[in-house]
Structures are given as C-alpha cells and as structure tokens.
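In: After the sequence you'll find the predicted model.
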Amino acid sequence: MSAPHLDIATFRYDTTRALFDGTVAFDDVDAALHTAATIPEIFAGLASGRFDVAEFGLTYYLRALDAGSDLIAIPVFPNRVFRHSCVFVNTAKGITGPEDLVGRTIGEFGMYGQDSGVWAKGILSDDYGFAPEKNQWVLGGLETPLSAPFEFTTHPHPDNVEISFAPPGRTLADMLDRGEIDVLFSANAPMNYLAGSPNIAPLFPDHEARERDWYRRTGIFPMMHTVAAPRELFTANPGLAQRLYQGFLSAKDTAAERYRTMRRLYQVTTMVPWMNGLFEGNRELFPEDWFPYGIDANRTALQTYLRYSYEQGLSPALRTVDELFVEELRNT
C-alpha cells in the first residue's frame with residue numbers, strides 16, 4: 001500500500017523547522033509541507049479543504065466542532081505564548097491596572113474570543129475579577145482594515161456582551177493610538193507601540209514577572225493552537241495519527257535539543273545577546289520538556305482553556321479534554 005499524499009500546513013516555528021528543512025520526516029507519509037504569510041491563512045486552508053492536515057487555533061477548532069465539523073485533533077501544540085503581555089492601553093485613559101478595566105471600549109483582533117483573547121480574559125477573570133460583559137468590544141484588523149469577520153469560522157458571543165466593528169478603513173492599532181478605543185487585546189504587539197508611540201503601553205509593564213508567577217501557581221504554559229484533520233482521514237488510514245504525532249513531536253524535540261546542545265556555545269546560533277542566561281534561568285523554572293506534546297502533560301492547560309471558552313459564552317457546553325483528540329492518541 002502506497003504512502004498517502006498529504007498537504008500539511010503549519011507556520012514556521014522552532015517547533016516545526018525540522019519538518020521544513022528535512023531533518024525530520026513523517027514516517028510512511030508522502031507529505032507536502034506548506035506555510036503562509038499569516039497564520040489565519042493556514043486556518044482558512046484547513047477549513048476549506050485545501051490542506052489535509054493543518055495547524056488550527058483552539059478557539060477555531062472548538063467552534064468548528066460546535067458547528068458539526070468532522071475535524072479531530074492530534075495533541076500537538078506548536079504555538080504557545082504567555083498572555084499577560086497581550087493587553088495594551090491608551091496612556092491618557094487613566095488605566096493603571098486590571099481594576100480599571102470596567103466600562104471600557106476594548107478592541108480585539110478579528111473576532112470576539114480569538115485564541116490569545118480567550119486566555120487573557122480568562123486569566124484576568126480568575127486573578128482580578130475581570131468581567132468582559134462590563135465593557136464594549138470593537139472588532140477589527142490590527143494593522144490592516146478588516147472588511148468582514150473571518151468567514152471560515154463561526155462567531156458566537158454571549159448576548160450580554162456589546163460588540164461592534166471598527167469603522168471602514170480603520171485599524172485597531174490606530175484607534176488605540178488616537179484614544180478611540182481604551183484597550184486592545186491582541187496576539188501581536190501594535191507596530192505603533194513598537195515604534196515608540198507615547199500613547200500606548202502594556203497593561204502590565206512587568207508582564208514577564210507576572211507570567212512567571214502565574215506559571216509557578218498554575219503550571220500552565222498556554223497553548224494557542226493544535227493540529228487537526230478530518231476524522232475520516234484517520235479512519236481510512238489506521239496508524240496515521242500516530243505517525244503524524246511522532247513527526248511533529250520529533251521536530252519539536254529536535255528544536256529543544258538544539259537549545260540544550262548550544263549551551264556549550266552560549267546559544268551562538270541566535271542573534272540575541274545573553275540568550276544563554278535566559279535559557280539557564282528558564283531551566284530553573286520549567287521542567288526538562290518545557291514545551292510538551294501529548295494529552296497528559298497538557299491536561300490542566302486544556303481543561304483551563306475549555307473552562308474559559310465556556311465561561312466566556314463561546315462554547316455552549318463544557319467539553320472534556322479527551323473528546324478533542326483522535327482516540328488513537330488518548331494515552332499520550
């Protein structure tokens with residue numbers, strides 16, 4: 001039986017680099033690797049059937065399941081980011097901490113409840129009593145005007161949350177800079193903030209310290225994305241889920257081992273000064289496998305994300321972790 005040809009798409013990360021450069025290959029799979037200029041393009045490609053297997057944002061995946069999609073995930077999480085750092089404020093609005101996020105006009109990229117927004121709202125709710133329904137939400141593009149919400153996904157939101165869209169031709173980054181919105185929840189830092197605008201600041205200037213404290217308390221390194229495919233693909237190809245999982249896992253482990261090995265040379269393969277010191281400091285906080293794949297090592301993080309999605313009115317029911325993943329890999 002010939003190896004199945006699969007169009008597999010993911011962004012180019014440290015965790016996937018070895019798949020693109022050929023250091024790691026999927027066993028018994030004729031794989032064509034794809035990427036895109038932006039990650040939502042990869043999501044759209046999976047939703048449209050252009051890709052057989054692809055990276056998929058957690059919130060997009062849950063929405064697809066709730067809409068009756070036959071997609072099923074493998075427990076691979078190529079993208080993780082701590083999210084205290086993803087909330088920005090206009091400096092003229094008198095916002096000095098999370099207690100000031102009441103009655104505010106808040107921008108969010110693309111849709112209400114994208115992956116980073118779900119994590120940030122949940123963390124703020126757990127630790128600071130943040131209530132999304134006490135604010136007005138404006139959806140739009142961050143740096144480029146967004147003419148319509150993402151068409152490849154559904155757009156649920158609770159009835160008690162007030163939502164509108166950015167005016168035609170306007171971006172959320174510019175609106176925050178001008179004070180037309182008070183706050184921005186964004187997966188990416190606004191370019192005008194990076195360029196030094198005095199009008200924009202992070203909600204938590206000490207976000208790294210807060211994120212490290214949050215990790216110490218929760219043990220969660222938040223994942224944004226998983227990898228999914230139509231369920232029928234795995235049904236028609238027994239063992240394929242395991243082979244895909246092992247390929248993604250080997251690529252991630254190859255990247256992690258590169259960092260471990262380069263300790264001898266002070267991480268000379270990067271351009272970042274004192275990178276070795278950061279790596280050594282992180283080794284004191286994180287376990288040896290600080291970027292785990294599989295279900296068991298990620299169960300607490302996934303349960304937390306599912307709870308956040310349900311509490312924020314994005315999921316009609318509280319799902320279990322195991323139902324998200326192909327049965328063949330539920331013992332990982």
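Out: Cool, got the structure. Numbering: from 1, shown residues only.

In: pretty sure residue 3 belongs to a helix, no?
Out: No. Applying DSSP: H, G, I helix; E, B strand; the rest coil, one finds residue 3 to be coil, outside a helix.

In: pretty sure it contacts residue 25?
Out: No. Counting by C-beta atoms under 8 Å, residue 25 is not a contact partner of residue 3; they are 10.7 Å apart. Where you see a C-beta, it was placed from the backbone N, CA and C, and this is true even at glycine.

In: could you pull out the helices for this structure?
Out: Using DSSP state H, the helices of the chain run over 17-20, 39-48, 58-66, 115-128, 172-178, 191-194, 207-218, 231-236, 240-261, 275-285, 299-311.

In: And the fifth one, what does it pack against?
Out: Right, the one you point to is helix 172-178. On a contact count with 3 or more C-beta pairs under 8 Å, 6 or more residues apart in numbering; DSSP states H and E, helix 172-178 meets strand 87-90, strand 105-109, strand 136-140, strand 183-185, helix 191-194.

In: between those, which one is nearest to residue 212?
Out: Closest approach to residue 212 among these (C-beta to C-beta): strand 87-90, 17.0 Å.

In: Paired strands for that closest one, with orientation please.
Out: In the sheet, strand 87-90 lines up against strand 183-185 (antiparallel), strand 200-202 (antiparallel) (DSSP bridges).

In: Give me the buried positions along stretch 172-182.
Out: For stretch 172-182, the neighbour count (16 or more other C-beta atoms under 10 Å) marks 172, 173, 174, 175, 176, 177, 180, 181, 182 as buried.

In: Tell me the one of these nearest residue 117?
Out: residue 172 (12.0 Å).

In: and that closest one, how far is that from residue 107?
Out: The gap separating residue 172 from residue 107 is 4 Å, by C-beta to C-beta, to the nearest Å.

In: so what sits against both of these two?
Out: 138, 140, 166, 181, 184, 186 (C-beta atoms under 8 Å, 6 or more residues apart in numbering).

In: What is the burial count for residue 253?
Out: The burial count assigned to residue 253 is 16, neighbours taken as other C-beta atoms under 10 Å.

In: how about TSV for the helices of the chain, with mean pLDDT added?
Out: Converted to TSV, the helices of the chain look like this (pLDDT from 0 to 100):
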stretch	mean pLDDT
helix 17-20	98
helix 39-48	95
helix 58-66	97
helix 115-128	97
helix 172-178	98
helix 191-194	97
helix 207-218	98
helix 231-236	96
helix 240-261	97
helix 275-285	95
helix 299-311	98
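
In: can I get the ones you listed in CSV with distance to residue 94?
Out: As requested, the helices of the chain are exported to CSV (distance: least, C-beta to C-beta, whole Å):
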stretch, distance to residue 94
helix 17-20, 44
helix 39-48, 34
helix 58-66, 31
helix 115-128, 17
helix 172-178, 15
helix 191-194, 18
helix 207-218, 20
helix 231-236, 51
helix 240-261, 42
helix 275-285, 34
helix 299-311, 28
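
In: quick one: which of those helices is nearest residue 30?
Out: When the helices of the chain are compared by C-beta to C-beta, helix 240-261 sits nearest residue 30, at 11.8 Å.

In: chain center to that closest one, what's the gap?
Out: When distances are taken as C-alpha atoms, centre = their mean, to the nearest Å, helix 240-261 is centred 19 Å away from the chain's centroid.

In: what packs against that helix?
Out: Helix 240-261 sits against helix 17-20, strand 71-74, strand 225-230, helix 231-236, with contacts defined as 3+ C-beta pairs under 8 Å, 6+ apart.

In: For these, give me a markdown table that also has distance to residue 30 and mean neighbour count.
Out: Shown next, in a markdown table, are the helices and strands packed on helix 240-261 (distance: least, C-beta to C-beta, whole Å; neighbours: other C-beta atoms under 10 Å):
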| stretch | distance to residue 30 | mean neighbour count |
| --- | --- | --- |
| helix 17-20 | 14 | 18 |
| strand 71-74 | 18 | 22 |
| strand 225-230 | 15 | 24 |
| helix 231-236 | 14 | 15 |
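
In: Same list (the ones you listed) but as TSV, adding distance to residue 45.
Out: Below are the helices and strands packed on helix 240-261 laid out as TSV (distance: least, C-beta to C-beta, whole Å):
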stretch	distance to residue 45
helix 17-20	16
strand 71-74	13
strand 225-230	12
helix 231-236	15
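
In: sorry, back to before: wait, which of the helices and strands packed on helix 172-178 is closest to residue 308?
Out: strand 183-185 (13.2 Å).

In: Nearest to residue 250, out of the helices and strands packed on helix 172-178?
Out: strand 105-109 (32.5 Å).

In: between the strands paired with strand 87-90, which one is nearest to residue 153?
Out: strand 183-185 (17.4 Å).

In: That concludes my questions; thank you for your assistance.
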